[in-house]
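Q: Make a model of this:
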Amino acid sequence: MRYVAPTRETLERSVLASPPLSHWSDFAALIDGPVWPAVDALNALLPGDSDVRFVTQDPSLLSDGLHYEERIARHGAIATRPENWHDLFNAFVWLRHGALKRALNARQMTEIALMGPRQRSRAQCALTHFDEAGMVVSLQDSAMLDAWDAHDWHTLFWTHRDAWRDGRARVDVFGHALLEHALTPGKLLVGKALVVMGEGDANAVCSRAIAAGAVLNDPQELRPLPVSGVPGWHAGTMEASFYATAPCFQPLRAGRTYPAPLVGRIGA
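A: Got it, this is the predicted structure:
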């Protein structure tokens, strides 16, 4: 069933105070303001030397016949539908994670050159899944990765809850569709993750790996993560039973395995 986001008028403002939307509080005025921000307001937040800009998606823009990614690569034009949550969150991600977005666009263009604009490769599917529902997860404890490999959600989130609370385990929601879904109070969120073991800038590690073609060559590389299980992200995380009963915590499918994590800087 297609997700329908709340209108600006019916938005329950409490969602802005809870993760993941609370992590985007620097954009709160654009989410919670009385009117939808225009593309000019979004462009004003770009650095002066930006090679991209937000442009209103209308019939005139679409008449160029270009693929969405081609328009970005050739003209730096990010098609943005007015009064649209999905595209507003996409703009926020461009503003905060430009390197990741540019890496995804460059890879999409490589695949379009190989496949043409009307067919999609496995890599394109993986790139799109990450763009829409992606998150970057940083871990320092291999026992947490082992639990994740086994879909042992109780161990990953409950046994190791202190690691999520003190920053030894971190999750950064990147996918703009996932942020849009977070507009519904209490919604159980499941995203597609790249994981980095070690310290340092996990987003930079992922950007380099994406650009080099080392990851996102197949959707099966992405790890499903029921991110609502992160302590404090959902009211249910106060009880251990949540991890056994909530429908977002699915068992590992027979034969399913995950690739090795990316490696960040080890040590302080």
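Q: wait, doesn't residue 228 sit right on residue 235?
A: No: because the distance of 9.6 Å does not satisfy CB atoms under 8 Å, residue 228 is recorded as not touching residue 235. Any C-beta I mention is one placed from the backbone N, CA and C, and that applies to glycine too.
Q: Between these two, point out the one with more neighbours.
A: Comparing residue 228 with residue 235 by neighbour count (other CB atoms under 10 Å), the higher total belongs to residue 228, at 24 against 12.
Q: Output stretch 94-104 as CSV, nothing but the C-alphas.
A: Output for stretch 94-104, consisting of C-alpha atoms alone and laid out as CSV, is shown next (Å, rounded to 0.1, in the frame of the first residue of the first chain):
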residue,chain,number,x,y,z
TRP,A,94,21.3,17.3,-0.4
LEU,A,95,22.0,20.2,1.9
ARG,A,96,23.5,18.0,4.7
HIS,A,97,25.0,15.0,2.8
GLY,A,98,26.0,16.5,-0.6
ALA,A,99,29.0,14.1,-1.0
LEU,A,100,26.8,11.0,-0.6
LYS,A,101,24.2,12.4,-3.0
ARG,A,102,26.8,13.3,-5.6
ALA,A,103,28.4,9.8,-5.3
LEU,A,104,25.0,8.2,-5.9
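Q: From the chain's centroid, how far away is that stretch?
A: Remark: stretch 94-104 is offset 11 Å from the chain centroid, using CA atoms, centre = their mean, to the nearest Å.
Q: now what about that stretch, what contacts it?
A: Here stretch 94-104 makes contact (CB atoms under 8 Å, 6 or more residues apart in numbering) with 24, 27, 42, 45-46, 50, 52, 54, 78, 93, 127, 130-131, 174, 203-204, 206-208, 210-211, 216.
Q: Can you say which of those residues are buried?
A: Neighbour counting with 16 or more other CB atoms under 10 Å marks 24, 27, 42, 45-46, 52, 54, 78, 93, 127, 130-131, 174, 203, 206-207, 210-211, 216 as buried within those.
Q: From those residues, which land in strands?
A: Of these, the ones assigned to strands by DSSP state E are 54, 78.
Q: average pLDDT for the lengthiest helix in the chain?
A: When the chain is scanned for its longest helix (criterion: DSSP state H), the result is helix 98-115. When the per-residue pLDDT values of helix 98-115 are averaged, the result is 96.
Q: got the contact list for residue 70?
A: Applying CB under 8 Å, 6+ apart to residue 70 gives the contacts 109, 112, 117.
Q: With adjacent residues omitted, what lies nearest to the first one?
A: When you say that, I think you mean residue 109. residue 73 (4.9 Å; CB to CB, 6 or more residues apart in numbering).
Q: Surely the one you found is in contact with residue 110?
A: No: with the criterion set as CB under 8 Å, residue 73 and residue 110 do not qualify as a contacting pair; they are 10.1 Å apart.
Q: What is the burial count for residue 89?
A: Residue 89 has 25 nearby residues by other CB under 10 Å.
Q: okay, it: pLDDT?
A: At residue 89, the model reports a pLDDT of 98.
Q: Could I have the buried ones of the contacts of residue 70 as ChimeraX selection syntax?
A: Remark: buried members of the contacts of residue 70, expressed as a ChimeraX selection using 16+ other CB under 10 Å:
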select :109,112
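Q: For the longest helix of the chain, buried residues please.
A: Of the residues in helix 98-115, 98, 100, 101, 102, 103, 104, 105, 107, 108, 109, 111, 112 count as buried by neighbour count, 16+ other CB under 10 Å.
Q: just stretch 12-31 next, same as before
A: Of the residues in stretch 12-31, 15, 16, 18, 19, 20, 21, 24, 27, 30, 31 count as buried by neighbour count, 16+ other CB under 10 Å.
Q: and which of the buried residues of helix 98-115 is nearest to residue 144?
A: Nearest to residue 144 out of these is residue 100 (CB to CB; 23.0 Å).
Q: Now do the same contact list for residue 14.
A: Taking CB under 8 Å, 6+ apart as the criterion, residue 14 is in contact with residue 185.
Q: Brilliant, that's me finished.
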